[in-house]
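Student: Sequence plus the predicted model coming up.
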Amino acid sequence: MNLFTIADAAALSQAHAADPAFDVARLQARNQLAWLHERIYGEMRARRWDAHFRPEWSLSAAQRSENNPRVDVLRLRYTKAEYVVHLMQKQFGGPALTWNDCAWLGVGLDAQGVFVEWHIPASAKFDAQNFYNKVTQGAPEKRTLRQILAELSGEGVLTLSEQGHSVLRGRCARLVDLNVLNDTLAKFTPGRHAWNIATRLAVTDARLNVNVAPDELLYRLAQLYALQQFAAWAPRNNFLERARDESNSGTAT
């Protein structure tokens, strides 16, 4: 038996995402994500990942509501430690931060299947600018990023989006080429575009059998955790002091 079924994915399709009759099916799929969390989070903590579960946020809502009229995706998300968020807020100011204003790692389900992602929302302006400043600092930083992306093989896909609309999409394997990476970074505006790298599996894939799915998905999260460590702001990974408010126009060198 697989972690999710074709019916679970169908409940998130365009045809059913706004139909309350599918709330039960979506809740069942969400319960499977909770089951997965119980089996992988202990290992994440044992590895001392700076990736934390927030009960009020980490599992997305499965049922329709006035504030959530469509449910077309379910997510299990992990983000940075609370004290790191507080330090970031204290140091750089601005409106109070929420978990949605930080980069995250996640496992999710939508109508196309299961995905594992590393995501910088457009609202995560500090993490996005920190990432941009770091990767454009020089050749060693870009080389490190290209090595991480190369390890995703041909499965990783980068999507840049603005207000939910895709503006750029391509295989991470192409970003290993320095010219392609530079062209992509030139199109990325921190605080305006969301940056998402994801790998996908069909719900029928044998690697999602309940006996092996936790290990498979944890392995994929580990690949993307390298990106979270590389990019997300932390006291020891602070690249915001270098002209954090400057425009990111131009091509990285």
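Tutor: The structure has been received and is ready for your questions. Every value quoted in this text rests on a predicted model; they were computed, and no experiment measured them.

Student: gap between residue 226 and residue 193?
Tutor: As judged by C-beta to C-beta, to the nearest Å, residue 226 and residue 193 stand 21 Å apart. All C-beta spots, glycine's among them, are computed from the backbone N, C-alpha and C.

Student: Which residue ranges of the protein form helices?
Tutor: Secondary structure of the chain (DSSP state H): helices located at 6-10, 23-46, 82-92, 125-135, 139-150, 172-175, 178-187, 213-231.

Student: what does the last one contact?
Tutor: Read that as helix 213-231. Residues outside helix 213-231 that contact it (C-beta atoms under 8 Å, 6 or more residues apart in numbering) are 2-3, 36, 39-40, 43-44, 47, 49-51, 103, 105, 107, 114, 116-118, 120, 127, 130-131, 134-135, 144-145, 148, 151-152, 197, 199, 201, 207-208, 237.

Student: How about the shortest one?
Tutor: The set of residues that contact helix 172-175 without belonging to it, under C-beta under 8 Å, 6+ apart, is 145-146, 149-150, 152-154, 156-158, 180-181, 184, 197.

Student: And those, which two are furthest apart?
Tutor: Spatial extent of the contacts of helix 172-175 (C-beta to C-beta) is set by the pair 153 and 184 at 18.3 Å.

Student: ok, these two, which is more surrounded?
Tutor: The residue with more neighbours, out of residue 153 and residue 184, is residue 184; 17 against 12, by other C-beta atoms under 10 Å.

Student: returning to what we had before: and the contacts of helix 213-231, which of them are buried?
Tutor: For the contacts of helix 213-231, a neighbour count by 16 or more other C-beta atoms under 10 Å gives the buried set as 2-3, 36, 40, 44, 49-51, 103, 105, 107, 114, 116-118, 120, 127, 130-131, 134-135, 145, 148, 152, 197, 199, 201, 207-208, 237.

Student: Wait, residue 34 touches residue 59, no?
Tutor: Yes. Between residue 34 and residue 59 there is a contact under C-beta atoms under 8 Å: 6.2 Å.

Student: Return every residue with contacts to both of those two.
Tutor: residue 76.

Student: Show me which of those two is the more surrounded one.
Tutor: residue 59 (18 against 11).

Student: Quick check: beta-bridge partners of that one?
Tutor: Residues in a beta bridge with residue 59, per DSSP bridges, are residue 76.
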